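> Give me a model of this one.
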Amino acid sequence: MKYPIYLDYNATTPCAKEVIEAMLPWFGEHFGNAASKSHPYGWVAEDAVETAREQIANLIGAKTKEIVFTSGATESINLALKGIFEFYNGQKQHYITCQTEHKAVLDTLKSLESKGAEVTYLPVNQFGEIDLNELKSNIRPHTKMLAFMWANNETGLIHPMSDLIKLAGEHDLILFADAVQAAGKIPISTSGIHLMAISAHKMYGPKGVGALYIRHNHHLPKPLSLIDGGGHEKGFRSGTLNVPGIVGFGKAAQLRSKRLIEDAERLCLLRDALEKKILGIEGTTLNGSQTQRLSHVSNISFSGVEGEELLKRVNREIAVSSGSACTSILPKPSHVLAAMGLDSDLGRASIRFSLGKDTTENDIEFAAEYIEAVVKELRASNPL
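Alright, predicted model coming up:
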């Protein structure tokens, strides 16, 4: 099968060659259960898990004991939010987030609302930015948590995490950070953050494995477990550990620690070149901030074309998306772009380009030329 050029790295990334090589022995030769404490098969597997835990902790500036392995970011988010809700069960609770969060956060908070929690969904401006003064004014005596993504998955916007950390500290609030799109792409740290979700497959690791950072040695509460079982992962997440996946996650984190800055600089140049050419097409607009964003992400709207047809035609030669992979099956316009003020037609006619380690200058040149041709053809054949 001839695949199109891949420019959808925010949806998922390919496993790095080194990651695959690191994982392979743990499917066969070293197949032990990391919870088997009585023989070498288990000991070797446990050592591998702890090595990976350290590699991931080093990437985000955490202690190894603060890393809890999960099946992925969605589970980590559910554990963080629902686990804190359960800790405060019976008390009046209030949570603050914003309208452009990932659906894994928004839908989980909607679930908490159905159980009695109060949730404030802050609006954003045309760039996707929150108003810190509005955030402050919404803090209540019974506010328990601030929940914000470090970097937006659709526009690449980077939220002012240092300001959020300061605000949470001043009001003694739990700060949960969805760092899924930030970890391994920009320098981040857990300092001042209470809970943080990350995912392997967004940083050239395998799918089906993620982690939740849980701050230790602090008076603010830790989430209660959502899964009953053998008490794995210090009681936070019962279930047999995915040793091959965890080993791959650790290797991916180690690689990103070494390549993060270099890759970001290269991809920024390629992204800017892509934007320069595409934004030269009449009726195109960049969605989101031009400066405070990830270096490999660009979200562009195309006026005068029907969104579904645009995406269908572009994806014949270039793999892109109109938003989050988790909601791409829905015919609705992006909730992120809608919150930023784009009308539904323009929201549907927007494309997210996300570049990665295998993206080349030739890919960018072809993509820009192909998209320009598609847009001109669609406008000529069916002017809106």
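
> helices or strands next to the helix ranked longest in the chain in the packing?
Ordering each helix of the chain by length in residues (DSSP state H) puts helix 243-278 first. Packed against helix 243-278, as judged by 3 or more C-beta pairs under 8 Å, 6 or more residues apart in numbering; DSSP states H and E, are the following elements: helix 17-23, helix 40-60, strand 297-302, helix 361-381. Just so you know, the C-beta spots here come from the backbone N, C-alpha and C atoms, and that holds for glycine as well.

> Which SSE is immediately downstream of the second one?
Meaning helix 40-60. Per DSSP states H and E, helix 40-60 leads on to strand 67-70 as the next helix or strand towards the C-terminus.

> Quick one: closest of the helices and strands packed on helix 243-278 to Asp107.
Proximity to Asp107 (C-beta to C-beta) singles out strand 297-302 among the helices and strands packed on helix 243-278, at 21.7 Å.

> Show the average pLDDT along that closest one.
The average pLDDT within strand 297-302 is 98.

> Okay, now the sheet partners of that strand, with direction.
Using DSSP bridges, strand 297-302 pairs in its sheet with strand 284-286 (antiparallel), strand 350-354 (antiparallel).

> Report the angle between the longest one and helix 243-278.
Put simply, strand 350-354 runs at 120 degrees to helix 243-278, going by axes from the mean of the first three to the mean of the last three C-alpha atoms, to 10 degrees.

> Would you mind listing the buried residues in the longest helix of the chain?
For helix 243-278, burial by neighbour count (16 or more other C-beta atoms under 10 Å) applies to 243-256, 260, 263, 266-267, 270-271, 274-275, 277-278.

> Then stretch 121-135?
Residues 121-122, 124, 127-130, 135 are the ones in stretch 121-135 that count as buried (16+ other C-beta under 10 Å).

> Turn the helices and strands packed on helix 243-278 into CSV, columns for distance to Ile188.
Formatted as CSV, those follow (distance: least, C-beta to C-beta, whole Å):
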stretch, distance to Ile188
helix 17-23, 20
helix 40-60, 6
strand 297-302, 16
helix 361-381, 27
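
> okay, those, which one's buried deepest?
Mean neighbour count (mean count of other C-beta atoms under 10 Å) peaks for strand 297-302 among the helices and strands packed on helix 243-278, with a mean of 24.

> hmm, who's touching that one?
10, 154-156, 271, 274-275, 278-279, 281, 283-288, 310, 337, 342, 346-347, 349-355, 375 (C-beta atoms under 8 Å, 6 or more residues apart in numbering).

> List only buried entries from those residues.
With neighbours counted using 16+ other C-beta under 10 Å, these contain these buried positions: 10, 154-156, 271, 274-275, 278, 284, 286-288, 310, 337, 342, 346-347, 349-355, 375.

> hmm, back to that, Leu226: which of the helices and strands packed on helix 243-278 is closest?
helix 40-60 (20.4 Å).

> Done for today, thanks.
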